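> 3D model of this:
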Amino acid sequence: MTRSSTTAGAFEQARLPVQARLAAAWTSFMFLYIYVDYLHLYKPGSIDEIRSGVVHEFDTGPTFVGLALTLVAVPILMIVLSTTLPARVNRGTNLVVAALYIPVSMYNVAGEESWDYAYFYGFSIGLEVLLLAYVLRAAWTWPRTTGATADRDLAQARG
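Predicted coordinates:
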């Protein structure tokens, strides 16, 4: 009879590739990003402002709609880019985009005149920034291959 050196009933921790972790973080970020905008519509006066053609003091014309689409499209594309870009480009792209989206996320509270929705904005911005910090950490600490492994992989690629 043999005994296992592991604790009975312990779960094996599968190690996800960095690309999968980044894509999962961007997916979570997008759900939060979209739902914060959606839930904002429940704030009294929000729909009236939109109907009058104003959002955060900006006219809701073609320029606003185009910029809003761009702000949403970039993190949406980061989900697929995190799984498809080569490692070096992937790492740099995630570092740059996540760093740029921290102030974008914090901008949601701009123009608030009362503290009535402090919890909503504090919690949502806090979670968004936490996810972006996770992206920055995962990209920054991306594992590097050792010289011998890299040389072997290069030799195998050359065939």
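> could you pull out the helices for this structure?
Taking DSSP state H to define them, one finds helices in the chain at 18-40, 46-51, 62-84, 87-106, 118-140, 147-158.
> weakest of those by average pLDDT?
Among those, helix 147-158 carries the lowest mean pLDDT, a mean of 64.
> contacts only, for the most centrally placed residue in the chain.
Central residue of the chain (Cα atoms, centre = their mean): residue 26, 3.3 Å from the mean position. Contacts of residue 26 were listed using Cβ atoms under 8 Å, 6 or more residues apart in numbering, and they are 75, 78-79, 82, 135. C-beta here means a position set from N, CA and C on the backbone, and glycine is covered the same way.
> give me the distance between it and residue 57.
Here residue 26 is placed at a distance of 29 Å from residue 57 (Cβ to Cβ, to the nearest Å).
> ok, residue 143 next?
From residue 143 over to residue 57 (counting by Cβ to Cβ), the distance is 45 Å.
> what does residue 119 give?
As judged by Cβ to Cβ, residue 119 and residue 57 stand 23 Å apart.
> same question, residue 13
Distance of residue 13 to residue 57, computed by Cβ to Cβ: 49 Å.
> cool, and residue 11?
51 Å.
> now do residue 45
13 Å.
> swap in residue 67?
For residue 67 relative to residue 57 (Cβ to Cβ), the value is 14 Å.
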